[in-house]
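1. Quick one: sequence plus predicted model below, questions after.
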Amino acid sequence: MIKIVRSNSTDQDFIAMVKLLDADLAIRDGADHAFYSQFNKIDLIKHVVIAYTNDKPIGCGAIKEYAPKIMEVKRMYTLPAGRGKGLATRMLAELEKWAVELSYEKCILETGKKQPEAIALYQKNGYLIIDNYGQYTGVENSLCFEKKLKVT
């Protein structure tokens, strides 16, 4: 059974998952990893979700405020054993729900062109490609997305 838990960036399971994510990204990003890494510090993240199966962490994701009314999706990762089962979609939906509860109207994110699984995930979940924003402006290997949230 899969359980998704809300937490923050001090959670040891989240920290462990992010280390695995960073190791994967170091391989995918190659020489560009140091550039991307500087934008992915977790010490200031207050809104984290961790997915568990049989009480073992299998995935994570986070949101942090980018601007008033805009959350940025960060640190999405699923262990290889958990991929292809809809887990990332469930975590993303929980992050979006949390953003709405906090009165945010939109989520944005950046992912690398060398992460086709991530690109497919975001497109499948209603994210649209936008011009690269902020620190990703002009970065050729980055794709940026946004999704307007249904505020109730």
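-> Received the coordinates, thanks. Quick caveat: nothing in here was measured; it's all calculated off a predicted structure.
2. what pLDDT, on average, does stretch 140-152 get?
-> The average pLDDT within stretch 140-152 is 91.
3. if we look at that stretch, which residues are touching it?
-> In this structure, residues lying in contact with stretch 140-152 by C-beta atoms under 8 Å, 6 or more residues apart in numbering are 29, 32, 96, 99-100, 103-114, 119, 122-123, 125-133, 136. C-beta: built from backbone N, CA, C; applies to glycine.
4. From the residues you listed, keep the buried residues only.
-> Neighbour-count burial (16 or more other C-beta atoms under 10 Å) applied to the contacts of stretch 140-152 gives 29, 32, 96, 99-100, 104, 106-112, 119, 122, 127, 133, 136.
5. Where helices are concerned, which of the residues you listed count?
-> Judged by DSSP state H, the buried ones among the contacts of stretch 140-152 include 29, 96, 99-100, 119, 122 as members of helices.
6. would JSON lines of those residues with distance to Met1 and pLDDT be doable?
-> Shown next, in JSON lines, are those (distance: C-beta to C-beta, whole Å; pLDDT from 0 to 100):
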{"residue": "Asp29", "distance to Met1": "34", "pLDDT": "65"}
{"residue": "Glu96", "distance to Met1": "22", "pLDDT": "98"}
{"residue": "Ala99", "distance to Met1": "25", "pLDDT": "98"}
{"residue": "Val100", "distance to Met1": "25", "pLDDT": "97"}
{"residue": "Ile119", "distance to Met1": "29", "pLDDT": "96"}
{"residue": "Tyr122", "distance to Met1": "26", "pLDDT": "98"}
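7. okay, these in TSV with distance to Pro68 next?
-> Below are those laid out as TSV (distance: C-beta to C-beta, whole Å):
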residue	distance to Pro68
Asp29	30
Glu96	18
Ala99	13
Val100	15
Ile119	28
Tyr122	23
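8. just the residues you listed now: which is nearest Met76?
-> Tyr122 (9.0 Å; C-beta to C-beta).
9. what sits against that closest one?
-> If you count contacts by C-beta under 8 Å, 6+ apart, then Tyr122 has 92, 109, 111, 145, 147 around it.
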